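**Q** could you look at this predicted model? Sequence included:
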Amino acid sequence: MTTQELPSNSSVQHAGDEDQLRLLAIFHYVVAGLGAVFACFPLIHVALGTMLFLQPEFMTKGQSAPPPAQWFGLIFMIMGGFFVLAGWAAAICTFMSGRYLSKRKNRMFSLVMGAVLCVFMPFGTILGVFTIVVLSKDSVKALYARE
């Protein structure tokens, strides 16, 4: 074989990087969907807090409820709502990071989201570590610079 017939090492490396970025984008979409679904669980707390706030006597079987029961319901609503909105925001940002990975844009946003995803055990941690490792490679940085 002559050297003209062999593929260059850089073209093989770029193809491998392209495959890794494509897979990372797909996994970002999957983790974003899972995150959005799991972020809905605190809606149970919001519903329970709303019932406690609007009708505090439902917990005491018709007897008069102490006044702090309404405050407890309000705290349940606020905290549950906060966790739902924070989870949805993280899911949206993860989805955006997947879009940016597939378009080879905003590398720093995807790198930061990879660090944020490390907090969400276990899938987010795995995805975050792989995102940081892949986006830190010089050959991937070159792909982003090319775009």
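**A** Received the coordinates, thanks.

**Q** where does this protein dip in pLDDT?
**A** By pLDDT under 70, the weakly predicted segments of the chain are 1-14, 58-67, 147.

**Q** all helices of it, in order?
**A** 9-38, 43-54, 68-103, 107-117, 123-135, 138-146 (DSSP state H).

**Q** chain center to the longest one: distance?
**A** Spelled out, it's helix 68-103. 11 Å (C-alpha atoms, centre = their mean, to the nearest Å).

**Q** list the buried ones in that helix?
**A** 69-70, 72-73, 76-77, 80-81, 83-84, 87, 90-91, 93-98, 100-101 (16 or more other C-beta atoms under 10 Å). Heads up, the C-betas are built off the backbone N, CA and C, glycines and all.

**Q** repeat for the second one
**A** Burial within helix 43-54, assessed by neighbour count using 16+ other C-beta under 10 Å, is assigned to His45, Val46, Gly49, Thr50, Leu52, Phe53.

**Q** could I get those as CSV with distance to Val116?
**A** Below are the buried residues of helix 43-54 laid out as CSV (distance: C-beta to C-beta, whole Å):
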residue, distance to Val116
His45, 23
Val46, 24
Gly49, 27
Thr50, 30
Leu52, 33
Phe53, 32
